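Trainee: What follows is a predicted structure for the sequence shown.
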Amino acid sequence: MTRGRLFCRDAGRLTLAEGSDSFSDEESGKISSNMRKGHRRWLWLGIGAIIIALIFYNLSRSPEWGNFRWTRLWALLTGASPGPLLLALMGVFCTYFVRALRWRFFLKPIKKASLWVLFVGQILGFSSIYLIGRPGEFVRPAYIAKKENVSMSAMLAVWLLERIFDTVFLVLLFAAALDFQPVEPETARGTKVLAALHRGGDVMLILAVLLVVGLLLFWLRSGQFTAWMLRLFRFLPATALRRFERFLRSFAEGLSVIRNWKDLLGSLILTAVVWFLNTSIFWLVFQSLPKEVADLSWLASAVTLFCAALGLAVQIPGVGGGYQVGIILALNEFFNVPAEAATGAGILVWIIMSVPCLASGLVLLVHEGLTLRKLEALAEEERELAENN
């Protein structure tokens, strides 16, 4: 006769309690699921590390990078002007404040959220992304959902809406910068990449316009659009179709926070402010460096920001990698900045963007009585609850 199954949790790990012979099927499934997620995370980390290593290997084979002078890089970093860097640091915290205002704007139809809670959520969320990578994306909505007693599905909908707004504005900014900023690479490789980016920028601009039109139509007729999409994809397996339906309904819930054209305009203005500040942070960091970087315009900083954002797809938690590589390649290949200066700019931007956020995040974790592990567990728990609802 099998004895009753009892369980306990010890420091976030599932263990068998006394008198228990085995884990339940549900708990075993959770363990198996967590193991698969852990394996996938390490797999993607390995792929990202390989891609970054290959990029650096190819760079090292070029004549300019073969003559890279580490003493020159150190002199650039230690000789950076503190005034622009201080302004850039202030700009970083301003972006989190504006993001908190935007979340408050989105949440207004649901409840009047605390601006402090939303601000802390931004800091903790981006700190988690810097430390554990993309899984940290769920920390922001999970923390805010818990503190404001709002459903996680509503928070995920707001998060998804924010991501779409940010993507559209970043693409529009990049397309405008390419059209108005003169870029004249001195190498054949840079010219080829720039031509591809021009073509890609035109395509992305068209897609961004179509996405905005689609968003407006979905906002105005979400019920009819959801029903039409479900009929269109009814060939999908039942499980996939249910997930797709949950996604559409969550997205509709997110769009429902924009109740009128005034709300839509307000959210667009706040998004524009976020990306103006982000670009200005890059420009201010460049102003702190020698002439070959300081002479770059604000629009050149926007092009560099876009390349850095593309690099976020290949990140090593706690280290970065793709972000810095995107900055270095943009400066060196498109704007003919020497290798040492481009590298110094990439390192300084990463420090200004990540270190203050991480330091503030650690202080806020202590203040909130949390740890990074607890925060990650909270995000995973809230996400699973939202998926099962």
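Mentor: Perfect, I can see it now.
Trainee: the helices in the stretch 101-250 of the chain, which residues?
Mentor: Ranges of helices in the stretch 101-250 of the chain, per DSSP state H, counting those that start in this stretch, are 115-132, 139-148, 152-180, 188-220, 222-232, 238-255.
Trainee: Mean neighbour count, those: which tops it?
Mentor: Highest mean neighbour count of those: helix 139-148, a mean of 24 (counted as mean count of other C-beta atoms under 10 Å). The C-beta positions use only the backbone N, C-alpha and C, and glycine is treated the same way.
Trainee: just checking, what packs against that helix?
Mentor: Secondary-structure packing of helix 139-148 (3 or more C-beta pairs under 8 Å, 6 or more residues apart in numbering; DSSP states H and E): helix 115-132, helix 152-180, helix 372-388.
Trainee: got these as CSV, with mean pLDDT columns?
Mentor: Converted to CSV, those look like this (pLDDT from 0 to 100):
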stretch, mean pLDDT
helix 115-132, 88
helix 152-180, 82
helix 372-388, 67
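Trainee: Can I get those in TSV including distance to Pro237?
Mentor: Conversion of the helices and strands packed on helix 139-148 to TSV gives the following (distance: least, C-beta to C-beta, whole Å):
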stretch	distance to Pro237
helix 115-132	31
helix 152-180	22
helix 372-388	17
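Trainee: Contacts for stretch 195-204 next, please.
Mentor: The contact list for stretch 195-204, computed with C-beta atoms under 8 Å, 6 or more residues apart in numbering, reads Val171, Phe174, Ala175, Leu178.
Trainee: Which of these sits closest to Ser114?
Mentor: The closest of these to Ser114 turns out to be Val171 (C-beta to C-beta; 32.3 Å).
Trainee: that older thread, can you tell me which of the helices and strands packed on helix 139-148 is nearest to Gln324?
Mentor: Across the helices and strands packed on helix 139-148, closest to Gln324 is helix 115-132 (C-beta to C-beta), at 12.7 Å.
Trainee: So which residues make contact with stretch 343-360?
Mentor: 68, 73, 76-77, 80, 85, 88-89, 92-93, 96, 123, 126-127, 130-131, 281-282, 285-286, 288-289, 293, 308, 320, 323-325, 327-328, 331, 337.
Trainee: Now restrict the residues you listed to buried residues only.
Mentor: 73, 76-77, 80, 85, 88-89, 92-93, 96, 123, 126-127, 130-131, 281-282, 285-286, 288-289, 293, 308, 320, 323-325, 327-328, 331, 337 (16 or more other C-beta atoms under 10 Å).
Trainee: taking those one by one, which sit in helices?
Mentor: Secondary structure from DSSP state H places 73, 76-77, 85, 88-89, 92-93, 96, 123, 126-127, 130-131, 281-282, 285-286, 293, 308, 323-325, 327-328 of the buried ones among the contacts of stretch 343-360 in helices.
Trainee: Provide a list of residues in contact with the closest residue to Leu217 other than its chain neighbours.
Mentor: Of all residues not flanking Leu217 in the chain, Phe225 sits nearest, at 6.6 Å (C-beta to C-beta, 6 or more residues apart in numbering). By C-beta under 8 Å, 6+ apart, the contact set of Phe225 is Leu217, Phe218, Leu248.
Trainee: Show me the shaky parts of the stretch 1-150 of the chain.
Mentor: The stretch 1-150 of the chain contains residues with pLDDT under 70 at 1-70, 133-135.
Trainee: quick one on the thing from earlier: out of the helices and strands packed on helix 139-148, nearest to Leu364?
Mentor: Here helix 115-132 is closest among the helices and strands packed on helix 139-148 (C-beta to C-beta), at 5.5 Å.
Trainee: which residues touch the closest one?
Mentor: Identification of contacts with helix 115-132 by C-beta under 8 Å, 6+ apart yields 96-97, 99-101, 103-104, 107, 135-137, 139-140, 143-144, 147-148, 317-318, 320, 354, 357-358, 360-362, 364-365, 368, 372, 375-376, 379.
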